[in-house]
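*Asks:* turn this into a structure:
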Amino acid sequence: MNQANLLWGVLFGSVGLGFFLYGKKQGKLVPLVCGLLLMAYPYFIANTWLLVAIGIALVAAPYFIRL
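*Replies:* All right, here's what the predicted structure looks like:
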């Protein structure tokens, strides 16, 4: 664990909390699931570039996937 992973994890975790609260309040499944994944996945990814790539994909997913 290095400083970059920690900071990216905090950033994506914060965005994930926002997505989770929005999805829960609005009853939308995609933001809810993306929020949970954004809060959990930084614990399992050690590579910084992979952490950022997955984070960007999960942040963009609710925009492209509308159920």
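*Asks:* from here on, contacts and neighbour counts on C-alpha atoms
*Replies:* Fine.
*Asks:* next structured bit after the longest helix seen in the chain?
*Replies:* For the chain, the helix with the greatest residue count under DSSP state H is helix 3-26. Later in the chain than helix 3-26, the nearest helix or strand by DSSP states H and E is helix 29-40.
*Asks:* list the buried residues in that following helix.
*Replies:* In terms of neighbour count (16 or more other Cα atoms under 10 Å), helix 29-40 has its buried residues at 29, 30, 31, 32, 33, 34, 35, 36, 37, 38, 39.
*Asks:* got the phi/psi numbers for residue 44?
*Replies:* Dihedral angles of residue 44 (phi, psi; degrees, to the nearest 10) stand at phi -110, psi -10.
*Asks:* in the protein, where is pLDDT below threshold?
*Replies:* The chain contains no residues with pLDDT under 70.
*Asks:* residues contacting the residue nearest the centre of it?
*Replies:* Closest residue to the average C-alpha location of the chain: residue 38 at 2.2 Å, with Cα atoms, centre = their mean. With contact set as Cα atoms under 8 Å, 6 or more residues apart in numbering, residue 38 has these partners: 12, 13, 15, 16, 17, 55, 58, 59.
*Asks:* switch to 6 Å and redo it
*Replies:* Going by Cα atoms under 6 Å, 6 or more residues apart in numbering, residue 38 touches 12, 13, 16.
*Asks:* among the residues you listed, which one lies nearest to residue 48?
*Replies:* Checking those against residue 48 by Cα to Cα gives residue 12 as the nearest, at 12.5 Å.
*Asks:* can you report how many residues lie near that closest one?
*Replies:* Residue 12 has 25 neighbours, counted by other Cα atoms under 10 Å.
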